[in-house]
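what's the 3D shape of this:
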Amino acid sequence: MGSYFGVLLNAVNWTLTALAAVFLSLRLYCKLSRGRGLWWDDHILIAAFASNLAAVAFITSSIMLGFADPNAVIGPAASRQLEIHGGVQNVLFSLASDLSKTSFGFTLLRVVEGRTKRLVIFLIVTLNIVYFLTIIFTFLKCQPAIYSWLPDDKCWSLWTYIKFAIFGGAYSALVDFIFAAVPWVLVKDLKMKRAEKIGVATAMSFGALAGVTAVVRTIFLPSLASPNFSTKATTLVIWYTAEAATTIIAASIPVLRALIKRIKTSGIRYFNSEKHSSGRQNGSGGGGTGRSHTIGSGSRKQNAPLYGTSIITTVSGQRSKYAPEPRGDADSDKSILEAPAEPGTIMQTQEVRLSFHDRSDNESESIEMDDISRRAN
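Here you go, the predicted model:
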């Protein structure tokens, strides 16, 4: 059982990090593949992922030194390294959570206006202040003394730091829930179908899950004062990783929704194309008489493919109306186009294919949030 907590910690942390990497990579692919380029929210989200990845790497290094192993015998050198790792991990996890939430805040700034925009700006600024103070206060604690900036008579007790960290975690969760509610206010005035409004708002509201992880992480913060911190803090570290990873995933889902809709639309078009090709091979057309006659129908029927085909046949009835000219290039052109023919001779057959479909949700493949906001105008 000595290595159980370490194995569990590594497995969960690296799984969450891998999921965040997949969602972030798909987000970047969607934008770059369409030539949209990256904006500030993308760069901030990349920085958040890098911070979370580095924090998880430090956790793995700490496990190798004996962290999360209740039976490990940790020497003075390893203990010193673990204390240093703890401070670095705290800074990196704080940066990962802060930057990932800030990224989604920047995304919202592209689509909101008026009071809502001022509210989002206020939340972004105050959230960064809270996380900045959380990082600074890490170095004001009396323990570990190795990275405490204050002398023993002025340093903070551990519980003073924990109380502020609880406040910071609660405020972080509040920001997540408010950010998740903003899209519902935004879409109510958009000119789109009700189902599409719900889909867009839901995709942009997965940040509420990050709020839940922030609440759970805050609940476990008192374990920092546990005498068995090496094992008691295992759950706390997992929720630190989960908060940042969940926020990165939630910030990427709105873009992935557009990718899924694009794949769905391509599949429907391919299916209809194959169905039309099969129908042409098995079908047949008729003929008629007169100067011009149309065979086939472009009308749409129930259960018919999204294509219509018409065959237009031109039949000659008299000789060319153009008189021969003695010289000039026009004579050769007109003799080719209006050559004399016997009445009833087929002069030209042309097939016209029309493609049509109803406008649906599949038309909404906007990747950039400002594209969606234009529908409100």
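
run through the helices of the stretch 51-200 of the chain in chain order.
Ranges of helices in the stretch 51-200 of the chain, per DSSP state H, counting those that start in this stretch, are 76-109, 114-138, 158-187, 194-203.

dump these to a markdown table, plus distance to residue 145, mean pLDDT and mean neighbour count.
The C-beta positions use only the backbone N, C-alpha and C, and glycine is treated the same way. Converted to a markdown table, the helices of the stretch 51-200 of the chain look like this (distance: least, CB to CB, whole Å; pLDDT from 0 to 100; neighbours: other CB atoms under 10 Å):
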| stretch | distance to residue 145 | mean pLDDT | mean neighbour count |
| --- | --- | --- | --- |
| helix 76-109 | 8 | 91 | 21 |
| helix 114-138 | 13 | 94 | 15 |
| helix 158-187 | 12 | 92 | 19 |
| helix 194-203 | 48 | 78 | 16 |
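
let's have these in JSON lines, adding distance to residue 226.
Conversion of the helices of the stretch 51-200 of the chain to JSON lines gives the following (distance: least, CB to CB, whole Å):
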{"stretch": "helix 76-109", "distance to residue 226": "14"}
{"stretch": "helix 114-138", "distance to residue 226": "18"}
{"stretch": "helix 158-187", "distance to residue 226": "10"}
{"stretch": "helix 194-203", "distance to residue 226": "39"}
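
which of these sits closest to residue 233?
Taking CB to CB, helix 76-109 is the member of the helices of the stretch 51-200 of the chain nearest to residue 233, at 9.3 Å.

show me what that closest one is packed up against.
helix 40-64, helix 114-138, helix 158-187, helix 207-219, helix 234-282 (3 or more CB pairs under 8 Å, 6 or more residues apart in numbering; DSSP states H and E).

in TSV, list those along with distance to residue 82.
Converted to TSV, those look like this (distance: least, CB to CB, whole Å):
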stretch	distance to residue 82
helix 40-64	6
helix 114-138	15
helix 158-187	16
helix 207-219	21
helix 234-282	13
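
which of these sits closest to residue 5?
Here helix 234-282 is closest among those (CB to CB), at 4.8 Å.

mean confidence for stretch 140-154?
Throughout stretch 140-154, pLDDT has a mean value of 81.

tell me the buried residues in it?
Residues 140, 141, 142, 148 are the ones in stretch 140-154 that count as buried (16 or more other CB atoms under 10 Å).

and stretch 210-229, by the same measure?
210, 211, 213, 214, 215, 216, 217, 218, 220, 221, 223, 224.

again with stretch 55-67
Buried, per 16+ other CB under 10 Å, within stretch 55-67: 55, 56, 58, 59, 62, 63, 65, 66, 67.

ok, the residues you listed vs residue 242, which is closest?
For those, with residue 242 as the reference and CB to CB as the criterion, the closest is residue 56, at 11.2 Å.

how about the contacts made by the closest one?
If you count contacts by CB atoms under 8 Å, 6 or more residues apart in numbering, residue 56 has them with 13, 14, 17, 241.
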